[in-house]
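A.B. asks: curious how this folds, go ahead:
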Amino acid sequence: MRKGFSNTALMVIDVQRAFEDEKWGTRNNLNAEENIQILLKTWRNKEYPIIHIQHLSDNNQSIFHPSKQSSEFKDIAVPVKNETIFEKKVNSAFIGTGLENHLKENKIEKVVIVGLTTPHCVSTTTRMSGNLGFETYLVSDATAAFAIKGADNTYYSAEQIHTVSLATLDNEFAKVLTTEELIKKLNLTEAIQS
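C.D. replies: Below you'll find the model as predicted:
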């Protein structure tokens, strides 16, 4: 087993141009991409594993269809070198992909999850990661949500959706941390083990 966080994959979920479409409405945490970039830089500098998840729809009308430019990664999250990419068609990055096998084959026991959006693909992947036995961390300020209306037409702000989504995951499926808290934990673990 590798020491500290070296056996921890940074999993970057659906950081794609499709989420810039105005159809989504109001979004919270406009600094999410900036924090994702900080974590990508940290993982790349330490040469820790990075996994990119890309949502690609079979529906050719979808903004996630591979024929559309909107399905491409945002500039801040374009994979480099030998970083792994898994393409998915549903909310969970574990369904219909080789993600679980990839983690196990590479002896990756911990995952740090960032990306879009908090209540959908991020939440679903986080729940499955925890259920599959991976030590899971979710970075609260490196993910974001959009405002939505419920079945009864009640409006929920992006911040409400984000906050409640994180609350339902913390200490049940994952440990929720901020970017700063995660980097401190990473540095402290390395200092103790060096």
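A.B. asks: tell me the buried residues in the longest strand anywhere in the chain?
C.D. replies: Using DSSP state E to define each element, the chain has its longest strand at strand 135-144. By neighbour count on 16 or more other CB atoms under 10 Å, the buried set for strand 135-144 is 136-144. No exception for glycine: its C-beta is placed from N, CA and C like everyone else's.
A.B. asks: and that strand, what does it pack onto?
C.D. replies: The contact analysis (3 or more CB pairs under 8 Å, 6 or more residues apart in numbering; DSSP states H and E) places strand 135-144 against helix 32-46, strand 110-116, helix 123-131, helix 158-169, strand 175-177, helix 179-193.
A.B. asks: I'd like the average pLDDT over that strand.
C.D. replies: The average pLDDT within strand 135-144 is 98.
A.B. asks: any idea which of the helices and strands packed on strand 135-144 scores lowest on pLDDT?
C.D. replies: Taking the mean pLDDT of the helices and strands packed on strand 135-144, helix 179-193 comes last: a mean of 85.
A.B. asks: which other helices and strands contact that helix?
C.D. replies: Using 3+ CB pairs under 8 Å, 6+ apart: helix 179-193 touches helix 32-46, strand 135-144.
A.B. asks: if we can go back for a sec, okay, now the sheet partners of the longest strand of the chain, with direction.
C.D. replies: strand 110-116 (parallel), strand 175-177 (parallel) (DSSP bridges).
A.B. asks: next, the angle from that strand to helix 158-169.
C.D. replies: 180 degrees (axes from the mean of the first three to the mean of the last three CA atoms, to 10 degrees).
A.B. asks: how big is the angle separating strand 135-144 from helix 179-193?
C.D. replies: Per the same axes, to 10 degrees, the angle that strand 135-144 makes with helix 179-193 is 150 degrees.
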